[in-house]
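Trainee: The following block contains a protein sequence and its predicted model.
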Number of protein chains: 2
Amino acid sequence: MSKVTLKELARELNMSVSTVSKALNDSYEISEATKQRVKELASKYNYRPNALAKNLKLGRTNNIGVIISTIGSPFQAQIIEALHRASVRFDFNLIMMQSQDSEEIERKALNTLINHGVEGLLISPAFENSNIDLLSHLHKTTCPIVLFDRINYNIDTFKVGVNNEKSIYRAAEELFKIGRKKIAILCGKNIGVTKDRLKGYRKALEDYHIDFNPSYIIYCDYNNSLEGIDSDMETKLTQLLHSEQAPDAVLGTTDTLTTRVLGVLSKLNIQVPEDLAVIGFANTDIAESLNPSLSTIRQPTFEMADIAIEKLINLIESKNRSQIDVHEILLDSTIQLRKSTKQKLS
Amino acid sequence: MSKVTLKELARELNMSVSTVSKALNDSYEISEATKQRVKELASKYNYRPNALAKNLKLGRTNNIGVIISTIGSPFQAQIIEALHRASVRFDFNLIMMQSQDSEEIERKALNTLINHGVEGLLISPAFENSNIDLLSHLHKTTCPIVLFDRINYNIDTFKVGVNNEKSIYRAAEELFKIGRKKIAILCGKNIGVTKDRLKGYRKALEDYHIDFNPSYIIYCDYNNSLEGIDSDMETKLTQLLHSEQAPDAVLGTTDTLTTRVLGVLSKLNIQVPEDLAVIGFANTDIAESLNPSLSTIRQPTFEMADIAIEKLINLIESKNRSQIDVHEILLDSTIQLRKSTKQKLS
DNA sequence: TTGTAAGCGTTATCAG
DNA sequence: CTGATAACGCTTACAA
């Protein structure tokens, strides 16, 4: 904690506290001469205003809270990095919490943040409508809330996310272009985005008049370890590949599934892309270095973070929140084609 | 911001503010009956103590600051995740800042954190001795500081990091075990850890009586893009592999270099591990899914974070800081052997 | 141009 | 067991 206070400066300078305060804040009421003297002494003693006192007085904190499920996952870390940069730009402090995909921990995090007087809240909810009553209540009575990334949530505010349906649709199109029509799709069990992403898959099949084969939907259980996911995929893929209706492509709906399936396939001695083309969501830079390099659907994390912060600050600063037209903002992802979806040589 | 205050509760209850305060804090001076009444009304109005006022009064903030270079990199994100979990456990708030490897940004971050009254500071410095005067001064006069990860820094406090020299030494030993003695080592130009890691390399060669070949040290320039690093590695490796003294193994000293070199090698049609074995620092889970799966030196991020937080809190809570024996804490990394260092079949 | 005093929401001391 | 009062460090009418 900082040590020297206005009072002490005032005493040493034989001035009143208020004069010193005004001088340091460059008030027009104070003469240049005094400002000079005050500032000199202040910097000599390395005076730092006590933010607590200042904010208490002014009734502001300049804090905004963020809740995300796990910072450690590369995708979410990218978002946090971007959110943090944006918040620095706007002169707000970011207080971060992790929900670890638990409604209970999320609730605690919300309370902690509110207790710390955040002026606004960014949240990527633990799951669809988790803590919805609390969140709606806070939004109405306490501080504005903006949702990001996981925006499948029934609340009337800004929601910034990615157009999941369209992203998968376009990825499927890329597979069609190289002649693959038997597309297995890897989904996370109980993962929020699954629904929209599956919808895009179904829509693409329909538009291109390709029959839907329910056995192509592979649900993987995320509750286990990474090795658990791998062996789950292995079992299910093996079975499918040995059946009558072996697929010729795989579409991954989450970063984890997309990056890990390559390892599983190589273990099974499946040639990518010859036997099976692979594409899916993944924001990792390692995609380029994989063997074969991995075609990915990349989400615009920086853009998403920037917009989320900006919208939140709009809400915070606005006198009349009800006049602001809140809505959902869907960003496009980018498809990066690499070797895992290379055209068969014929 | 929270709305309802002690004063308002007091008025409605026809009590004094201090009684209400004590009741909510379960003071022994207050009767059960009143406590009951007070707490009921408080929860009815969703009363939340104003942390600002409370902390101002108590002279504490319960904030600790963290400075790290980039949150977005998987390795650092893992540390932040762990730091955050630990801080929640100890009931401290983490305020995070990124230095982006710039001394200037780091200085600003330090000032911001101090202004927010952090009670302690965790830092992984932008580079060796960056902002050293400021940091030493703060540590002596303002709040305790603990270094983590990048601990090559001339300051007298706890430093929690990994035993880089030993880690590389042991990785080299693994290569010796499979008969590889011509080991190229990938280093980051101007990367702090390079020195210690190179030292471990030299020491291993020496102890095993293997001649040191200076051309095996490959410096890669990090200032460019990832693609820049790749092409840099490509050029230098190609040259080396076509020379008289082609290496039979590669040792990566940073996560980026280790994970990306596999992509470069596959582009050059080098067989891993047959032509070239690969091992190096890397904390990513994707190592398992790479083709071939990648042998890695994994740093104990969670342990490092836990210890750093614990030591910092020790310093914060101690009445007599000079009595605490501060020192460097070097953790061991774990070697995970996978296919990229499989024994040649002979 | 400077100073006085009140108050932000708490907690702690002390008196009743 | 309860209440009045002061104080934490700062800003800001308002007074001088």
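Mentor: Yep, it's here.

Trainee: wait, does stretch A:118-127 make contact with chain B?
Mentor: Yes. Judged by Cβ under 8 Å from any Cβ of the partner chain, stretch A:118-127 and chain B are in contact via A:Glu119. The way it works is simple: take the backbone N, C-alpha and C, and place the C-beta from them, glycine included.

Trainee: do that stretch and DNA strand C meet at all?
Mentor: No. Contact of stretch A:118-127 with DNA strand C (Cβ under 7 Å from any atom of the strand) is absent, the minimum separation being 14.4 Å.

Trainee: Just the CA coordinates for that stretch, please, in CSV.
Mentor: Listed in CSV are the C-alpha atoms of stretch A:118-127, where the atom choice follows Å, rounded to 0.1, in the frame of the first residue of the first chain:
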residue,chain,number,x,y,z
VAL,A,118,-17.4,-4.0,-10.9
GLU,A,119,-19.2,-1.5,-13.1
GLY,A,120,-19.9,-4.0,-15.7
LEU,A,121,-19.6,-7.7,-16.4
LEU,A,122,-18.5,-9.8,-19.3
ILE,A,123,-19.4,-13.4,-19.2
SER,A,124,-19.1,-16.6,-21.2
PRO,A,125,-21.6,-18.6,-19.1
ALA,A,126,-20.8,-22.0,-17.7
PHE,A,127,-23.6,-23.4,-19.8
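
Trainee: Can you give me the neighbour number for A:Asn55?
Mentor: Here the count is done by other Cβ atoms under 10 Å in any protein chain shown, and A:Asn55 has 20 residues near it.

Trainee: I'd guessed it sits against A:Asn62; true?
Mentor: Yes. Using Cβ atoms under 8 Å, A:Asn55 is in contact with A:Asn62, at 7.1 Å.

Trainee: For stretch A:7-25, buried residues please.
Mentor: Within stretch A:7-25, the residues scored as buried using 16 or more other Cβ atoms under 10 Å in any protein chain shown are A:Leu9, A:Ala10, A:Leu13, A:Met15, A:Thr19, A:Val20, A:Ser21, A:Lys22, A:Ala23, A:Leu24.

Trainee: For the residues you listed, could you give me JSON lines that also reports pLDDT?
Mentor: Listed next are the buried residues of stretch A:7-25 as JSON lines, based on pLDDT from 0 to 100:
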{"residue": "A:Leu9", "pLDDT": "92"}
{"residue": "A:Ala10", "pLDDT": "92"}
{"residue": "A:Leu13", "pLDDT": "92"}
{"residue": "A:Met15", "pLDDT": "91"}
{"residue": "A:Thr19", "pLDDT": "94"}
{"residue": "A:Val20", "pLDDT": "94"}
{"residue": "A:Ser21", "pLDDT": "93"}
{"residue": "A:Lys22", "pLDDT": "93"}
{"residue": "A:Ala23", "pLDDT": "94"}
{"residue": "A:Leu24", "pLDDT": "93"}
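
Trainee: Okay, and which of those residues map to helices?
Mentor: Among the buried residues of stretch A:7-25, DSSP state H puts A:Leu9, A:Ala10, A:Leu13, A:Thr19, A:Val20, A:Ser21, A:Lys22, A:Ala23, A:Leu24 in helices.
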